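Engineer: how would this look folded up:
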Amino acid sequence: MTFKTLITTTLAATTLAGAALAESHAGTDNPMVGGAAMFPDRTIVENAVNSADHTTLVAAVQAADLVDTLNSEGPFTVFAPTNAAFAMISEDSLTALLQPEAKAQLAQILTCHVVAANAMSDAIAGMIADDGGTHPVQTVGGCTLQAKMDGSTITLTDENGREANVTIADVRQSNGVIHVIDRVLLPAQ
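Structural biologist: Numbering: from 1, shown residues only. This is a model prediction of the structure:
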């Protein structure tokens, strides 16, 4: 199955499920993501599969065998790259990462987007301020991201100098929080 076929199939299934759920989302005070309701009583994976903006991330999490981990108790903070963020990587490179022989590399990349804590944006902003404008963020994947503020936007810089902006913050989950970002972050190369 090609990468595009996998994404198209995943998107079709999640669109149907998401439409039914969006109506019951009212009153949760949780942001919508990718046109889908995000329910604070569901896990990171249970919500992410409904976001039309995160089909590539969901496919990658499945390929890296991280579904059970991100469905576990946590807490986790996930900096979730959008499809547009993944589109900055060539299709050939993405297809190669989704192959079984690249599972360890893919898992490391994905876990460099995960922190073993429930860190809401106000707490992150406070840590940035307390640390004089830059706060090191240790990830589950062993990466250290540098968090800063650009006006009211949290930015994250990976060990290669790649910068991502938090575009949707504080999407509460039963096992943590998702912050949507606009770039894929990578381990040191």
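
Engineer: So Ala164 belongs to a strand, correct?
Structural biologist: Yes: the assignment for Ala164 is a strand, going by DSSP: H, G, I helix; E, B strand; the rest coil.

Engineer: Can you give me the neighbour number for the closest residue to Ser51 other than its chain neighbours?
Structural biologist: Leaving aside its chain neighbours, Ser51 sits nearest to Gly34 (3.1 Å; criterion: CB to CB, 6 or more residues apart in numbering). Using the backbone N, CA and C atoms, a C-beta is placed for each residue, glycine as well. Other residues near Gly34 come to 22 when the count uses other CB atoms under 10 Å.

Engineer: Pro40 now?
Structural biologist: 13.

Engineer: how about it, what does it touch?
Structural biologist: 28, 30, 172-174 (CB atoms under 8 Å, 6 or more residues apart in numbering).

Engineer: With pLDDT, secondary structure and neighbour count as extra columns, can I get the residues you listed in CSV?
Structural biologist: CSV is the format used below for the contacts of Pro40 (pLDDT from 0 to 100; DSSP: H, G, I helix; E, B strand; the rest coil; neighbours: other CB atoms under 10 Å):
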residue, pLDDT, secondary structure, neighbour count
Thr28, 60, coil, 14
Asn30, 88, coil, 20
Arg172, 96, strand, 19
Gln173, 95, strand, 26
Ser174, 95, coil, 16
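
Engineer: From the centroid of the protein, which residue is nearest?
Structural biologist: For the chain, Ala80 is the residue whose C-alpha lies nearest the centre (CA atoms, centre = their mean; 1.5 Å).

Engineer: of the contacts of Pro40, closest to Ser93?
Structural biologist: Of all the contacts of Pro40, Gln173 has the smallest distance to Ser93: 28.9 Å, by CB to CB.

Engineer: Tell me if I'm right that the closest one and Pro31 touch.
Structural biologist: No: Gln173 is not in contact with Pro31 according to CB atoms under 8 Å; the separation is 11.9 Å.

Engineer: Look up phi and psi at the residue nearest to Asn83 when sequence neighbours are not counted.
Structural biologist: Closest residue in space to Asn83, ignoring its immediate chain neighbours: Thr56 at 4.8 Å, by CB to CB, 6+ apart. Here is the backbone geometry of Thr56 (degrees, to the nearest 10): phi -70, psi -40.
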